[in-house]
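>>> What follows is a predicted protein model with its sequence.
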Protein chains: 4
Amino acid sequence: MVRAAAEAERLAQACAERMWADDHASQVLGMKLDAVAPGTARVSMTVCREMVNGHGTCHGGFISTLADSAFAFACNSHGTVTVASGFDITFLEPAELGDVLVAEAREVALRGRSGIYDVTVRCGDTRIAEFRGRSRSLGRPILEEAR
Amino acid sequence: MVRAAAEAERLAQACAERMWADDHASQVLGMKLDAVAPGTARVSMTVCREMVNGHGTCHGGFISTLADSAFAFACNSHGTVTVASGFDITFLEPAELGDVLVAEAREVALRGRSGIYDVTVRCGDTRIAEFRGRSRSLGRPILEEAR
Amino acid sequence: MVRAAAEAERLAQACAERMWADDHASQVLGMKLDAVAPGTARVSMTVCREMVNGHGTCHGGFISTLADSAFAFACNSHGTVTVASGFDITFLEPAELGDVLVAEAREVALRGRSGIYDVTVRCGDTRIAEFRGRSRSLGRPILEEAR
Amino acid sequence: MVRAAAEAERLAQACAERMWADDHASQVLGMKLDAVAPGTARVSMTVCREMVNGHGTCHGGFISTLADSAFAFACNSHGTVTVASGFDITFLEPAELGDVLVAEAREVALRGRSGIYDVTVRCGDTRIAEFRGRSRSLGRPILEEAR
């Protein structure tokens, strides 16, 4: 049991490393993959000048992109190539230039090839956004994939 | 009547220009504001290397950001500062490196300070994503705002 | 071409009749299937005493149920058993005791086994709710199904 | 502190009783209000013949109605009249004739007059649906309201 859990952890890590190496978008935006485990992931990003409007408020698209990245790492943590079929996001508080945003993704439900993942984006103790992602597994393994 | 319509068109244009000047995010991503009118907007963007993963597929976050920008121009076209309270997006087909994505936003409903706007993202004749934005007006004018 | 269209119409009608015969829920709520065609359906319902609270306002669940029924007829109109994987609804105006609600469903996108259908619920000229359904085909025919 | 918590509990109970007395819809469907506290509520319902189709599967609209009722009790538990502006639901497993469905609602976020509430609908240990409600407070008290 402990062994299976350790194995699942290692698989989640290996999948995340493979995905991260390929994920130019998350890297270009300065995201950091803080943690990943079976069904969960934490990704952080600092709001930079390119992400804000003239009032210093972060474009909602970048907050969504951060949450979407955390969602992607979480739903691919079981070793099978899994894509987003869609998501819903609610913006609670504006994010501002220099804010460090932390997105925490957790698995809510998995049924066959479909899954639901919730992501909370926070800046310190302030909740910035709530995101609910809908995933769809493609059924093929991440690690044996030809790159 | 014709006069009022022309006035509304001019207001939509003036609001879009003011917003565009402030919108670093949309500019940095290479977006173009193709058209804006009362309740509608069309914004386009070419998928570049920074937006794709190792397989050449565009990160869903950038597709969402494009749709969110078209939504923002459409819901601010009546002259009142209006923010996104949230949105839902469904991904239909992957977008790839070099694709020119066109996002068309249209007003579905307005009730008091709340609105719904649908945005379709296409690449040529292919539907890439369907987005539904929820807006909330803050009640103050865009043009007289202190910058 | 004309022939194929007529065939598609007949199939939509036949599927709707089969589904309707089985659909106790829609019948018990007094719904009427006004029209069905490939990818579209119109269903109506009068708000009765059992659907309202002490203030005479219709429970949102019944408005959702009406929209969900219109969605079901539209997404099953192509002859393949298709289920709802989920939906999003926004309430725009309250519905009241005695209101005749009309739900019009239309296909927005179909990709493989997944589809998106929009449903507008109106009372006369007033928009009551906007609904977006997500469908998933199970791949087997409706008409040859053993009952 | 303990006193304030007890006060908040009593207020949640009193608001629920007032709402329940007015809520014909939930009563007609045979719902039971199992528990209510500040920001949470649990409501249950047995799937009866009127809710199923010819295959014995519950119409998604009734599952949504159950979740919507739990959401309503939770978001009105703080004493202020609060309405649903919309919700998103994902269906995970079908519910069948005779199933006892339990909907548990919990507050996810409150910001000014807007809130988000998640509701999980279960049958025993099986997750039937995940619901996310969006609430809007009208600012007036529930208990002093003229009936």
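Okay, I see it.
>>> now for the helix or strand that contains residue A:13, which elements pack on it?
Using DSSP states H and E, residue A:13 maps to helix A:2-22. Using 3 or more C-beta pairs under 8 Å, 6 or more residues apart in numbering or on different chains; DSSP states H and E as the contact test, the elements touching helix A:2-22 are strand A:32-37, helix A:60-75. Where you see a C-beta, it was placed from the backbone N, CA and C, and this is true even at glycine.
>>> Nearest to residue A:139 among these would be which one?
Ranking these by proximity to residue A:139 (C-beta to C-beta) places helix A:60-75 first, at 13.5 Å.
>>> is that closest one anywhere near chain B?
Yes: shown here: helix A:60-75 in contact with chain B (C-beta under 8 Å from any C-beta of the partner chain) through A:60, A:61, A:62, A:64, A:65, A:66, A:68, A:69.
>>> Chain C: which of those residues is nearest?
residue A:64 (16.0 Å; C-beta to the nearest C-beta).
>>> residues near the closest one, how many?
Residue A:64 is flanked by 29 other residues according to other C-beta atoms under 10 Å in any protein chain shown.
>>> Quick check: closest non-adjacent residue to it.
For residue A:64, ignoring the flanking residues on the chain, the nearest one in space by C-beta to C-beta, 6 or more residues apart in numbering or on different chains is residue B:64 at 4.7 Å.
>>> list the buried ones in the longest strand anywhere in chain A?
Taking DSSP state E as the criterion, chain A has its longest strand at strand A:126-141. The neighbour-count check on strand A:126-141 (16 or more other C-beta atoms under 10 Å in any protein chain shown) flags A:127, A:128, A:129, A:130, A:131, A:132, A:133, A:134, A:135, A:136, A:137 as buried.
>>> Format those residues as CSV; extra columns: pLDDT and distance to residue B:88.
Formatted as CSV, these follow (pLDDT from 0 to 100; distance: C-beta to C-beta, whole Å):
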residue, pLDDT, distance to residue B:88
A:127, 96, 19
A:128, 97, 18
A:129, 98, 13
A:130, 98, 13
A:131, 98, 11
A:132, 98, 9
A:133, 98, 11
A:134, 97, 10
A:135, 97, 15
A:136, 95, 16
A:137, 95, 21
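>>> Rebuild those as CSV, extending it with distance to chain C.
Listed next are these as CSV, based on distance: C-beta to the nearest C-beta, whole Å:
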residue, distance to chain C
A:127, 21
A:128, 21
A:129, 17
A:130, 14
A:131, 14
A:132, 10
A:133, 12
A:134, 7
A:135, 12
A:136, 8
A:137, 14
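>>> Near chain B, which residues of chain A are found?
Residues of chain A lying near chain B (C-beta under 8 Å from any C-beta): A:19, A:21-26, A:28, A:49-55, A:58-62, A:64-66, A:68-69, A:83-91, A:147.
>>> Show me which of those are buried.
So, by 16+ other C-beta under 10 Å, the buried ones in the residues of chain A next to chain B are A:19, A:22-26, A:51-53, A:58-62, A:64-66, A:68-69, A:84-91.
>>> shaky segments in chain A?
A:1, A:145-147 (pLDDT under 70).
>>> can we see that at 50?
A:146-147 (pLDDT under 50).
>>> residues in it within reach of chain C, list them.
Contact residues (C-beta under 8 Å from any C-beta) of chain A with chain C: A:85, A:86, A:88, A:114, A:134.
>>> Now secondary structure too, for these, in CSV please.
Converted to CSV, those look like this (DSSP: H, G, I helix; E, B strand; the rest coil):
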residue, secondary structure
A:85, strand
A:86, strand
A:88, strand
A:114, strand
A:134, strand
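>>> and the two most separated of these?
The widest separation within those (C-beta to C-beta) is 15.1 Å, between A:88 and A:114.
>>> re the thing from before, now do the helix holding residue A:13 and strand A:126-141, the angle between them.
100 degrees (axes from the mean of the first three to the mean of the last three C-alpha atoms, to 10 degrees).
>>> tilt between helix A:2-22 and helix A:60-75?
140 degrees.
>>> Give me the contact list for helix A:2-22.
A:26-27, A:33, A:36-38, A:41, A:72-73, A:76-79, A:142-143, A:145, A:147, B:53-55 (C-beta atoms under 8 Å, 6 or more residues apart in numbering or on different chains).
>>> Show me which of the residues you listed are buried.
A:26, A:33, A:36-38, A:41, A:72-73, A:76-79, A:142, B:53.
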